[in-house]
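Peer 1: Here is my input, please return the structure:
(one chain, ligands or ions: 1)
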Amino acid sequence: MFVLLVVLAVVAVYYFLKLNYRYWEKRGVVGPKPNFLVGNLGKSFILKASPGEIFADVYNQYGDAEMVGMFRATTPILLVRDPALVREVTVKSFNSFRENDYEVSKKHDPIFGRNPFVLKGEEWKVVRSQLTPGFTSGKMKWLYPYLVENSKNLATFIQNCTENTDAKDICRRFTLNNVASCAFGLEGKCLEEENSEFRQLAKDFFSPATGFFLMTVSPPLSKLLSVSFIKKEMEKKFIQIVRQVLQYREENNVVRNDYLHVVSQLKQTEDFKFTDEDVTAHAAGFFGEGYETSSILMSFVLFELAANLHVQEKLREEVRRVYEENGNELPYEVLQALPYLDGVINETLRIHPPMFSLQKICTEDFNYGLRNGKQVTIEKGTPIILPVYGLHHDPKYYEDPKVFKPERFVGENKEKLTKYTFIPFGEGPRICLGKRFGVLQIKVGIAYVILNYSLSVGKKTQLPIRYDPINIMTVPVGGLWINFSRL
Ligand code: HEM
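Peer 2: Numbers count the residues shown, from 1 in each chain. Next up is the predicted model:
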């Protein structure tokens, strides 16, 4: 009898899942055939391809579709292809898609659990509005002198780099120094010392690769395993650093224009309840978010400049001209107004967006009208994929998408680009909060490198570039290696 019941239960589950896999078909939405239990992310489960790569492949396979129905294990997810629908999700119908599809508990992760990226509902709205003033262009101007100093140090540091220098390593040291000085007012010493406290902290502090990977392929599993992003010892270390710095400033009446100053001021406002934990979490959040995506992007900028010598030459001419015109300095406004530098950064973001894809969740039923004779309603709770990489590489929007052409983002060419096909920072009310800071630190760092060195691609770089399958970010397999020669 027991055996019969088990067999019946297995058969019932099998048919239920079979029926579930017809979810998109019933709604007239096209999509790849799911495999039993793993859905369409099977290659990710066996670590053969990152979810982002799978989404990019599916994007390419369905050239004419506005949207593609897929399955993450047994959960129906919707990949949005049409830029008009990207606009709908990120801006026009923001209320129906206002949350990111990541679950992080504040109990397990008191620091990352307070980050706007994972916050939901009203709490996200309040925290986002509290932190936004810390990222205005006025605040960036405050921070600029620290970035210039660190960039000059970077140029000096590269003098001692041999051929085949690990681009990611030097960019990470540089961005860590930036966040140490801009978030906490401390000297990171990450270029100068192999085992500086901040390098150590970064190594042990944040392990986003595994956590995000699990959350992308299987949110229930990541919840079950209580994946924690920030180790407990590191959490304590951060609390200690913030306490010491704040105490020192209070006792010595020091006011320093940095991010810690901005967030600690929030404690004094009456509009919001802002605790000591919030101050620590947001200063640590700036630290965590400030170096990783930026150093990935900056290492790709160095690589593309090394691989495209005519671009490198043109950029150097642009930077050198204004540098000499300004008495061998690069004032903030002057750097910000350089069109070709801006084009180089944007074109790198197009070809190698640090985040392959974005994952939202439908928060209110959304009626998308008739498709293939059927009414399409995106149901509350449906995960939505925005295929950043797929859009950026679509020849319909970018001619010769593999070719590095910064001119696409310069002058009137920029105006001609199809809106919502370039979304490296997301779009709408949830757009990356640190975009200004991230781009600024890369611009100034690259400017000082290019003024002083000529770059070529090191032998150790594995070409063509492939991305690490267990990372939701575009991390190149084997690293990027650059030869620097002093000019
Ligand atoms: C330059 C490299 C960077 C890239 C490519 C990048 C990309 C992104 C992307 C794609 C998102 C998700 C947007 C969405 O959900 O639609 C995001 C969110 C966010 N980023 Fe960045 N980011 C970068 C640098 C930074 C820096 C330097 C900081 C802070 C110092 C930062 C802070 C944040 C925060 C707080 C969010 C969450 C915003 C929210 O949900 O309200 N990012 N970023």
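
Peer 1: pLDDT averaged over the one helix or strand Val319 maps to, what's the number?
Peer 2: Counting by DSSP states H and E, the element that carries Val319 is helix 309-325. Regarding helix 309-325, the rounded mean pLDDT is 98.

Peer 1: repeat for stretch 365-379
Peer 2: The model assigns stretch 365-379 a mean pLDDT of 82.

Peer 1: Next: stretch 455-473.
Peer 2: Rounded mean pLDDT across stretch 455-473 is 91.

Peer 1: now do stretch 18-38
Peer 2: For stretch 18-38, mean pLDDT is 89.

Peer 1: Which residues outside that stretch are in contact with it?
Peer 2: For stretch 18-38, contacts defined as Cβ atoms under 8 Å, 6 or more residues apart in numbering pick out 17, 39-40, 42, 45, 58, 61-62, 65, 67-71, 73-74, 76, 78, 371-374, 376-377. All C-beta spots, glycine's among them, are computed from the backbone N, C-alpha and C.

Peer 1: Now list the buried members of these.
Peer 2: Neighbour-count burial (16 or more other Cβ atoms under 10 Å) applied to these gives 17, 39-40, 42, 58, 62, 65, 67-71, 73, 76, 78, 376.

Peer 1: Give me the subset of these that also touch the ligand.
Peer 2: The subset of the buried ones among the contacts of stretch 18-38 within reach of the ligand, by Cβ under 6 Å from any ligand atom, is empty.

Peer 1: Could you check how far Asn483 is from Arg173?
Peer 2: Distance, Asn483 to Arg173, using Cβ to Cβ, to the nearest Å: 18 Å.

Peer 1: Which strand residues bridge the residue nearest to the spatial centre of the chain?
Peer 2: The residue lying closest to the centre of the chain (Cα atoms, centre = their mean) is Met355, at 4.6 Å. Beta-bridge pairing of Met355, defined through DSSP bridges, involves Met473.

Peer 1: Out of the buried ones among the contacts of stretch 18-38, name the two that are farthest from one another.
Peer 2: Among the buried ones among the contacts of stretch 18-38, the pair separated by the greatest distance (Cβ to Cβ) is Gly42 and Val376, at 26.0 Å.

Peer 1: And the strands in this structure, which stretches?
Peer 2: 67-72, 75-80, 99-100, 165-166, 358-361, 366-371, 374-378, 383-386, 453-457, 481-486 (DSSP state E).

Peer 1: Same list as before, the ones you listed that is, but in TSV and with distance to Gly185 included.
Peer 2: Shown next, in TSV, are the strands of the chain (distance: least, Cβ to Cβ, whole Å):
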stretch	distance to Gly185
strand 67-72	43
strand 75-80	42
strand 99-100	30
strand 165-166	28
strand 358-361	33
strand 366-371	45
strand 374-378	46
strand 383-386	36
strand 453-457	30
strand 481-486	30
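
Peer 1: Contact residues of the stretch 351-487 of the chain facing the ligand?
Peer 2: So the stretch 351-487 of the chain meets the ligand at 354-355, 358, 424-426, 430-434, 437-439 (Cβ under 6 Å from any ligand atom).

Peer 1: could I get those as CSV with pLDDT?
Peer 2: Listed next are these as CSV, based on pLDDT from 0 to 100:
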residue, pLDDT
Pro354, 93
Met355, 92
Leu358, 95
Pro424, 98
Phe425, 97
Gly426, 97
Arg430, 97
Ile431, 97
Cys432, 96
Leu433, 94
Gly434, 94
Phe437, 95
Gly438, 96
Val439, 97
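
Peer 1: Are any of those residues buried, and if so which?
Peer 2: Buried members of these, counted by 16+ other Cβ under 10 Å: 354-355, 358, 424-426, 430, 432-434, 437-439.

Peer 1: what would those look like in JSON lines with distance to Glu88?
Peer 2: Converted to JSON lines, those look like this (distance: Cβ to Cβ, whole Å):
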{"residue": "Pro354", "distance to Glu88": "24"}
{"residue": "Met355", "distance to Glu88": "20"}
{"residue": "Leu358", "distance to Glu88": "14"}
{"residue": "Pro424", "distance to Glu88": "19"}
{"residue": "Phe425", "distance to Glu88": "18"}
{"residue": "Gly426", "distance to Glu88": "14"}
{"residue": "Arg430", "distance to Glu88": "14"}
{"residue": "Cys432", "distance to Glu88": "20"}
{"residue": "Leu433", "distance to Glu88": "22"}
{"residue": "Gly434", "distance to Glu88": "25"}
{"residue": "Phe437", "distance to Glu88": "29"}
{"residue": "Gly438", "distance to Glu88": "26"}
{"residue": "Val439", "distance to Glu88": "26"}
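
Peer 1: And the furthest pair within those?
Peer 2: So for those, where distance means Cβ to Cβ, the most widely separated pair is Leu358 and Phe437, at 19.6 Å.

Peer 1: farthest pair in the residues of the stretch 351-487 of the chain next to the ligand?
Peer 2: Leu358 and Phe437 (19.6 Å).

Peer 1: More neighbours: Asn483 and Arg173, which one.
Peer 2: Just comparing Asn483 and Arg173: by other Cβ atoms under 10 Å the higher neighbour count belongs to Arg173, 27 against 17.

Peer 1: hang on, the earlier thing: mind putting the residues of the stretch 351-487 of the chain next to the ligand in CSV, distance to Arg27 included?
Peer 2: Formatted as CSV, those follow (distance: Cβ to Cβ, whole Å):
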residue, distance to Arg27
Pro354, 33
Met355, 28
Leu358, 22
Pro424, 31
Phe425, 31
Gly426, 26
Arg430, 26
Ile431, 30
Cys432, 32
Leu433, 35
Gly434, 37
Phe437, 42
Gly438, 38
Val439, 40
